[in-house]
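Q: here are the coordinates; sequence isn't available:
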């Protein structure tokens, strides 16, 4: 998958420039909220519970201030990515124990027609490898700046 | 957390599929997956809240289909693509009941 293909999936309404939550469960709830507001999910509770259960498999806090909570659930009919930025950082049980500041919530239906789920997951992880770009994403004040940052500044 | 029957079944299936997809994700993403047993236990806990009758229906369907519960889009069962009666949708979106496809027998879930 190319970065331009990933960018096409991102939506301004699913971008939270300043997250308020201070705990892992609250972060999941805050990230799911734009999906509810946009009418993309039938049951908010079902998505949150599936995401929470996914965390029992191992934290999706991948380190370097990044977390990628993700799950497949019948509660959505299309793949969606919600991006959240926490200026202060949240303990997300990350591999390196550092607080997470950059969140990519990825939800997809089990019947993912275009089979995007794993390629998207892989591209997101790849896009945050570069430290400078990561910092630019965290500092992005709006969706446009974030898009510029994720595409290489 | 109190959930209606269809949501419990959907959650049960989502976790079931998650466990199966774990191996692939572990290989490609490098996430820790040491919690499989915890996830299995979570599935068992959910199963305790589903009436045995419906759990048996789910398990019987699972022997025939990878996904016993399928979404409905535009009054079409996305398991077998049969057109469903319009009245199904009206009831299925509101009710807490279980509806199955008349053609393939899969459990139906209205996402929208």
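A: The structure has been received and is ready for your questions. Keep in mind it's a predicted model, so treat the numbers as computed, not measured.

Q: Next secondary structure after the longest helix along chain B?
A: For chain B, the longest helix by residue count, based on DSSP state H, is helix B:5-29. Downstream of helix B:5-29, the next assigned helix or strand under DSSP states H and E is helix B:36-48.

Q: where does chain B have its least confident helix or strand?
A: Counting by mean pLDDT, DSSP states H and E, chain B has its least confident helix or strand at helix B:86-94, which shows a mean of 77.

Q: Which helix or strand contains the residue nearest to residue B:106 when sequence neighbours are not counted?
A: Excluding the flanking residues, the one nearest residue B:106 by CB to CB, 6 or more residues apart in numbering or on different chains is residue B:79, at 4.2 Å. (Each C-beta comes from the backbone N, C-alpha and C, glycine too.) Using DSSP H and E, residue B:79 falls within no helix or strand.

Q: hang on, residue B:79 packs against residue B:100?
A: No - with contact defined as CB atoms under 8 Å, residue B:79 does not reach residue B:100; the gap is 10.0 Å.

Q: what residues are shared contacts of these two?
A: Common neighbours of residue B:79 and residue B:100, counting by CB atoms under 8 Å, 6 or more residues apart in numbering or on different chains, are residue B:106.

Q: So which of these two has more stuff around it?
A: Taking other CB atoms under 10 Å in any protein chain shown, residue B:79 and residue B:100 do not tie; residue B:79 has more neighbours (23 against 16).

Q: check contacts around the more buried one.
A: With CB under 8 Å, 6+ apart, residue B:79 has these contacts: B:65, B:67, B:70, B:101, B:104, B:106.

Q: count of residues packed around residue B:13?
A: Neighbours of residue B:13 using other CB under 10 Å come to 25.

Q: ok, how many other residues are close to the closest residue to it other than its chain neighbours?
A: Once flanking residues are discounted, residue B:13 sits nearest to residue B:69: 5.0 Å by CB to CB, 6+ apart. Around residue B:69 there are 23 other residues, counting by other CB under 10 Å.

Q: For residue B:69, grab phi and psi.
A: Dihedral pair for residue B:69: phi -110, psi 130, per degrees, to the nearest 10.
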